[in-house]
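**Q** Quick one, what's the 3D model for this:
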Amino acid sequence: MEGSIVSRIHLPRATEMHVPTREINPRMRPFLREQIDAQTPFHQLLITVARRKWFLLAMVILGGVLAGLAGFARPVLFESTAQVIVDAPGRNAAPGGADSAQEMLDASIDDHLTMLSSQGHLRRVVAALRKTEVGNIAEQGDVVTGNSRPAPAGGDLQNIRTFAAGLLESIWPQGKPAAADEDELKALRKGMRVGQELRSRVITVGFTDNDPARAALVANTFVQVYIDDLAQKRRASDRLELASIVASLPVVQSDLAKATDRLEKYRLSHGAVDQGAADNAAKETAELSQQISLSKADLSATESRLQHIEALRKEGASVAALAEAIGSPVLADMAARQANDNADAGLSTAINREIEQGTARIAAEANIYRAQIAALEGRKNVLDAVVADTAGRLSGLRALEPQVSILTQRYNQLLTQQQDLVQRIATPLPGVSILSAAWPPTNPKTLPPIFLIPPGMIVFGLIGGIFVMVRSRLNQTLCGEAEAEAALRVPCLGLIPEAPTIHAKRLQQLVLGQRKSSYSRAITSLLVTVTLNKARGRASHVILVTSSIRHDGKTELAWSLALAATRLGGRVLFLDLDSTGARLTNEFLNEFGALRPHKSFGDYMNDRCPLHDAVTGMPEIGIDFMALAPSEDLLPQLSMIDGSLVTDELRSIYSVVIINGPLGLGGPEARLLTGWADVVLFAVRWGRTRRSIARGVLQLLTEDETAQVPVGSVLTHVNLQKHAGYRFGDSADLLLERTS
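**A** Reported below is the predicted structural model:
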């Protein structure tokens with residue numbers, strides 16, 4: 001009875017503690033709840049997109065705004081293009097026909113494209129642009145000096161900025177000249193575009209810059225420097241060829257004079273006799289003479305080239321001049337690299353080795369020519385002997401005449417080549433010519449900012465959709481009844497809406513004063529579900545409310561059930577065994593408690609006081625309150641005291657006992673308290689509590705299979721508006737409907 005003191009302390013014993021078998025509420029079924037309407041993945045995708053439509057709309061708008069700002073922030077670029085045309089190969093240059101000519105043209109265009117994009121050409125263009133800019137600055141300075149009128153304000157501001165930039169550079173240098181050269185090369189390579197126009201002989205060179213005039217200047221300079229470089233190389237090659245021809249002309253002239261003299265002497269001594277027996281020998285002799293002349297000319301050119309190289313080396317000429325004289329692209333590339341880094345000893349060694357190798361190659365060519373000349377002369381001597389013998393026997397008139405004719409033709413050919421080379425040196429032909437010069441463009445290359453807005457909106461919309469889907473997939477919280485049942489493997493008994501503010505007076509008004517509100521209906525429905533069963537033979541009910549972690553709404557749920565239980569009639573006891581929700585409990589005591597209890601639940605359990613001394617009444621709300629003292633340890637009391645004696649006494653006095661139990665992660669106390677209750681309510685915060693933690697705590701609470709205590713989950717702090725967006729079709733949709 002209420003005032004009795006019953007000894008509830010027992011020593012630990014090996015016998016199993018008697019736990020009465022409790023009837024399971026059929027509404028709290030132990031199997032999983034199946035969804036009525038199975039949702040396909042596409043349906044889930046549509047629901048997720050519809051639920052996050054405002055976020056996706058914000059992402060789309062943000063993408064459009066950022067794309068527009070980026071379009072306005074980026075500089076307006078102009079591209080100026082110049083066109084050059086490659087000279088067509090001559091008719092006699094391709095003996096294989098049209099196919100060979102086209103192949104030669106394609107190879108030539110590929111060579112031009114490669115040379116236009118080479119590092120050496122880019123460096124020459126940078127040097128030419130610097131000279132042009134220096135010249136422009138000097139001309140502007142002369143104009144300003146000669147003009148007595150004051151410069152405009154913009155010019156003063158530009159001069160001030162230039163002076164400030166120079167002063168800052170002198171105080172704090174930003175980089176080395178080599179680094180500046182590399183930056184200029186990088187900028188030139190980035191803005192340059194070189195390509196062939198379809199399958200034609202036209203090559204387009206374009207440059208992009210924010211200044212139209214500079215874009216045209218760079219494009220024209222790029223083309224002009226290339227053409228001038230080709231012209232210089234052709235002039236140097238023609239000069240070498242002219243030197244070899246000039247060296248071979250006296251030899252051919254001397255041979256022609258000797259042949260003519262022999263012919264005249266023969267005519268004087270033998271007369272004009274027509275003999276055709278030695279025609280073939282004479283023709284072969286003439287051909288050998290021509291080959292010897294050509295070989296001697298090549299030998300003379302090679303020896304001149306060697307002498308020129310040796311002279312350059314003695315004069316200490318630059319590596320670039322030696323590379324041009326030797327004709328080695330590798331040595332030219334090494335010369336360009338040495339111009340950037342003079343301190344590389346390995347590079348100097350490689351350059352010297354390459355010079356020696358090139359000189360050796362040219363000397364080897366000269367030796368080959370000498371051996372060839374010796375062999376040809378030996379053969380010619382034999383034929384000369386045959387021709388002389390034939391001429392002696394059959395008259396060598398016909399043998400001498402073709403020789404004179406061939407030498408005459410060779411001499412005239414060398415004179416013609418000499419004249420052509422002189423003209424080509426005076427006006428060199430680079431093989432390409434400017435078809436169309438670059439002009440400052442008027443239309444920008446970059447698109448207007450408005451054209452960037454749709455792609456930005458699409459990209460950000462896709463990013464937002466991916467983010468929403470990934471976040472939905474990675475969401476480990478519980479948001480629906482069926483989802484909670486599938487994850488926790490216990491029935492979900494209801495969803496409790498989120499209250500605006502949680503304090504004692506507001507909670508009492510929300511549950512008892514606003515009975516048609518969604519919160520009051522949800523609490524009352526939950527209480528009726530867990531207290532009423534088919535038998536209806538039990539007059540008292542003990543309900544344990546627990547959760548896994550703090551802020552799951554466990555204490556709010558326990559007080560709400562206690563307030564709703566006052567509507568069922570009978571006395572209601574709120575047993576607070578958890579200190580984590582002390583704030584709300586203290587508010588109820590301060591707001592509705594007449595006197596604070598002098599004794600605690602521990603005193604009552606240890607027979608230090610009767611029940612009525614440990615209980616304080618709250619007449620205004622019709623609830624009795626009993627709590628555990630903060631300094632008391634609940635675990636030894638639950639393990640050493642028969643809980644059935646306590647619950648029997650409480651059942652005899654109260655019709656509903658709400659136990660605000662400790663947290664499931666706080667220790668084994670919640671597990672021991674499950675034997676005291678008729679039903680266990682496990683609070684899970686909607687959209688916050690992770691399912692792995694909740695599942696683990698529930699497994700600890702339901703490990704004891706002997707205690708047949710039904711356990712159900714309750715989703716707390718449910719945002720009904722957001723919950724409706726999930727389209728679960730559960731009890732939360734009913735709470736959104738108004739009853740009046």
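
**Q** Could you list the paired strands of the helix or strand containing residue 684 along with their orientation?
**A** In this assignment (DSSP states H and E), residue 684 forms part of strand 679-685. According to DSSP bridges, strand 679-685 forms sheet pairs with strand 541-547 (parallel), strand 711-718 (parallel).

**Q** What is whatever helix or strand comes next after the shortest one packed up against?
**A** In this case it means strand 541-547. Per DSSP H and E, the first helix or strand lying C-terminal to strand 541-547 is helix 554-565. Helices and strands in packing contact with helix 554-565 are listed as helix 504-508, helix 518-531, strand 541-547, strand 572-576, helix 582-592, strand 656-660, strand 679-685, strand 711-718; criterion 3 or more CB pairs under 8 Å, 6 or more residues apart in numbering; DSSP states H and E. In this view, the C-beta of every residue, glycine as well, is placed from N, C-alpha and C.

**Q** how near is residue 637 to residue 607?
**A** Counting by CB to CB, to the nearest Å, the separation of residue 637 from residue 607 is 11 Å.

**Q** And the next helix or strand past the lowest-mean-pLDDT helix or strand in the chain?
**A** Every helix and strand in the chain was compared by mean pLDDT, DSSP states H and E; the lowest is helix 153-171, with a mean of 46. Sequence order places helix 177-191 as the next helix or strand after helix 153-171, per DSSP H and E.

**Q** residues of that next one that come out buried?
**A** Neighbour counts using 16 or more other CB atoms under 10 Å place 181, 184, 188, 191 of helix 177-191 among the buried residues.

**Q** Walking through the stretch 201-350 of the chain, point out its helices one by one.
**A** Ranges of helices within the stretch 201-350 of the chain are 212-270, 279-315, 319-326, 329-340, 345-394, based on DSSP state H, counting those that start in this stretch.

**Q** Can I get the ones you listed in JSON lines including mean pLDDT?
**A** Below are the helices of the stretch 201-350 of the chain laid out as JSON lines (pLDDT from 0 to 100):
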{"stretch": "helix 212-270", "mean pLDDT": "86"}
{"stretch": "helix 279-315", "mean pLDDT": "80"}
{"stretch": "helix 319-326", "mean pLDDT": "76"}
{"stretch": "helix 329-340", "mean pLDDT": "75"}
{"stretch": "helix 345-394", "mean pLDDT": "78"}
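
**Q** Any chance of CSV for these, columns distance to residue 200 and mean neighbour count?
**A** Compiled in CSV, the helices of the stretch 201-350 of the chain are given as follows (distance: least, CB to CB, whole Å; neighbours: other CB atoms under 10 Å):
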stretch, distance to residue 200, mean neighbour count
helix 212-270, 17, 17
helix 279-315, 37, 17
helix 319-326, 32, 20
helix 329-340, 28, 17
helix 345-394, 37, 15
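
**Q** Just the closest of the buried residues of helix 177-191 to residue 332, please.
**A** Looking at those and their distance to residue 332, the nearest is residue 181, at 17.9 Å (CB to CB).

**Q** any idea of the pLDDT on that closest one?
**A** Residue 181 carries a pLDDT value of 73.

**Q** Report whether the expected contact of it with residue 127 is present.
**A** No - judged on CB atoms under 8 Å, residue 181 makes no contact with residue 127 at a distance of 9.5 Å.

**Q** what's the burial count for the residue nearest to residue 702 when sequence neighbours are not counted?
**A** Distances taken as CB to CB, 6 or more residues apart in numbering place residue 711 nearest to residue 702, at 5.8 Å, with adjacent residues excluded. Residues near residue 711, counting by other CB atoms under 10 Å, number 22.

**Q** for the stretch 551-700 of the chain, what are the low-confidence residue spans?
**A** For the stretch 551-700 of the chain, applying pLDDT under 70 flags the ranges 579-581, 594-597, 666-667.

**Q** 80 instead?
**A** Applying pLDDT under 80 to the stretch 551-700 of the chain picks out residues 579-582, 593-598, 602-603, 605-607, 612, 629-644, 664-671, 675.

**Q** Which parts of the stretch 1-150 of the chain are helices?
**A** Counting by DSSP H, counting those that start in this stretch, the stretch 1-150 of the chain has helices at residues 41-51, 53-73, 98-116, 119-146.

**Q** ugh, wrong one, I meant the stretch 601-740 of the chain
**A** Secondary structure of the stretch 601-740 of the chain, counting by DSSP H, counting those that start in this stretch: helices at 601-605, 611-614, 634-640, 643-653, 669-673, 691-701, 720-725, 731-736.

**Q** Using a markdown table, please lay out the helices and strands packed on helix 554-565 together with distance to residue 435.
**A** Shown next, in a markdown table, are the helices and strands packed on helix 554-565 (distance: least, CB to CB, whole Å):
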| stretch | distance to residue 435 |
| --- | --- |
| helix 504-508 | 86 |
| helix 518-531 | 81 |
| strand 541-547 | 83 |
| strand 572-576 | 95 |
| helix 582-592 | 87 |
| strand 656-660 | 92 |
| strand 679-685 | 76 |
| strand 711-718 | 76 |
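
**Q** quick one: buried residues of the helix or strand hosting residue 402?
**A** Applying DSSP H and E as the criterion places residue 402 in helix 397-426. Within helix 397-426, the residues scored as buried using 16+ other CB under 10 Å are 397-404, 406-407, 410-411, 414, 421, 424-425.

**Q** how much space is there between residue 615 and residue 467?
**A** From residue 615 to residue 467 the distance is 54 Å (CB to CB).

**Q** Among these two, which residue is more densely surrounded?
**A** A direct count of neighbours by other CB under 10 Å for residue 615 and residue 467 places residue 615 higher, at 22 against 14.

**Q** quick one: which of the helices of the stretch 1-150 of the chain is nearest residue 448?
**A** Closest approach to residue 448 among the helices of the stretch 1-150 of the chain is made by helix 53-73 (7.2 Å; CB to CB).

**Q** what comes up buried for the closest one?
**A** Across helix 53-73, burial judged by 16+ other CB under 10 Å covers 56, 59-60, 62-64, 66-68, 71.

**Q** Check stretch 614-632 too.
**A** By neighbour count on 16+ other CB under 10 Å, the buried set for stretch 614-632 is 614-618, 621-628, 632.

**Q** Now for the nearest residue to residue 510 once chain neighbours are set aside, how many residues are close by?
**A** Distances taken as CB to CB, 6+ apart put residue 519 closest to residue 510, at 5.2 Å, once the chain neighbours are dropped. Residue 519 is flanked by 20 other residues according to other CB under 10 Å.

**Q** In contact with residue 519: list those residues for me.
**A** Contacts for residue 519 (CB atoms under 8 Å, 6 or more residues apart in numbering) come out as 496-497, 499, 510-511, 560.

**Q** So which of those sits lowest on pLDDT?
**A** Least confident entry in those, by pLDDT: residue 499, with 78.

**Q** re earlier: possible to save the helices of the stretch 1-150 of the chain as TSV with mean pLDDT and distance to residue 286?
**A** TSV is the format used below for the helices of the stretch 1-150 of the chain (pLDDT from 0 to 100; distance: least, CB to CB, whole Å):
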stretch	mean pLDDT	distance to residue 286
helix 41-51	70	93
helix 53-73	86	78
helix 98-116	84	31
helix 119-146	72	46
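
**Q** Which among those is found nearest to residue 85?
**A** Nearest to residue 85 among the helices of the stretch 1-150 of the chain is helix 98-116 (10.4 Å), distances taken as CB to CB.

**Q** Give me the buried positions along the closest one.
**A** Going by neighbour count (16+ other CB under 10 Å), the buried part of helix 98-116 is 101, 104-105, 108-109, 112, 116.

**Q** Closest one to residue 329 out of the contacts of residue 519, please.
**A** Set against residue 329, the nearest of these by CB to CB is residue 497 (82.5 Å).

**Q** That closest one - how many residues pack around it?
**A** Residue 497: 24 surrounding residues under other CB under 10 Å.

**Q** Next up, the contacts around residue 243.
**A** If a contact means CB under 8 Å, 6+ apart, then residue 243 has 301, 304 as its contacts.

**Q** on that earlier part again, can you pick out the most distant pair from the buried residues of helix 53-73?
**A** 56 and 71 (22.4 Å).

**Q** ok so, going back, more neighbours: which of residue 637 and residue 607?
**A** Using other CB under 10 Å, the more surrounded residue of residue 637 and residue 607 is residue 637, with 22 against 13.
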